[in-house]
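S.K.: Predicted model, plus sequence, below.
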Amino acid sequence: MRTHYLLATTLSALLLCAANAQAQDTSFYLHGSLGQGKIETEQFVSYEDDNDTTLAVAFGWRLRPWLAVEFGYNDFGNYQSRCPAAVCPPLLVFRDLDYTSFELGLNFRVPFGDSGVFGQARAGVHNWDVGFGGSNTDPRYGLGVGYVINDRFDVSLDFDQYQTDNAIRDLDRVSVGVDFKF
């Protein structure tokens, strides 16, 4: 419930900013992506299935042609951990991890001439949750290459790493994304 309230409040604030910025001719965009995530395994924890389909949506504000601020939500999928009973508490022997996160970061973009092709790098933090034990905030990084289709749409191929500082482990994602500029 708290997550839904936070998401609704944030989206409302961003839409108000977008309406205000229309008069100032700034560049806002929505980014959506579909990809494949792979959770890194730890020495004593294995996963029944260590990859799953990921979905992401982000709202961005391009402050300069080369710099944007982004706020997004990620659904990394569901992973079932398998940990030996001698090592893990009984509740974690077979545990479904429903991995989601909210992220805030910067997007740096470099065009490759006038071809419409660009490279990009992302860096920031993500507040992740796996369904138990609360949430934590850790760094996230990404690289990608994309193409400007027209004044409204971009497509990209991205690699992102979402780090965690406990036994859940880091998650790597390869995704195809679309930006809709307004």
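M.R.: Right, received. Where do you want to start? Numbers count the residues shown, from 1 in each chain.

S.K.: in the sheet, who's paired with the nearest residue to residue 70 once chain neighbours are set aside?
M.R.: Closest residue to residue 70 apart from its sequence neighbours, by C-beta to C-beta, 6 or more residues apart in numbering: residue 60 at 4.3 Å. Placement of C-beta: from N, CA and C, glycine included. Counting by DSSP bridges, residue 60 is bridged to residue 29, residue 70.

S.K.: For residue 60, grab the count of nearby residues.
M.R.: 21 (other C-beta atoms under 10 Å).

S.K.: mind listing what it touches?
M.R.: Residues near residue 60 by C-beta atoms under 8 Å, 6 or more residues apart in numbering: 28, 29, 30, 31, 68, 69, 70, 71, 107, 179.

S.K.: Grab the longest strand from the chain for me.
M.R.: When the chain is parsed with DSSP state E, its longest strand is strand 94-111.

S.K.: wait, is residue 150 part of a helix?
M.R.: No - if the criterion is DSSP: H, G, I helix; E, B strand; the rest coil, then residue 150 is coil and not within a helix.

S.K.: Just give me the neighbour total for it.
M.R.: For residue 150, using other C-beta under 10 Å, the count is 8.

S.K.: I'd like the distance between it and residue 35.
M.R.: Residue 150 is 24 Å from residue 35, where distance means C-beta to C-beta, to the nearest Å.

S.K.: Over to residue 108?
M.R.: From residue 108 to residue 35 the distance is 20 Å (C-beta to C-beta).

S.K.: Compare these two (neighbour count), which wins?
M.R.: Remark: of residue 108 and residue 35, residue 35 carries more neighbours, 22 against 13, as counted by other C-beta under 10 Å.

S.K.: bridging residues for the more buried one?
M.R.: residue 54, residue 175.
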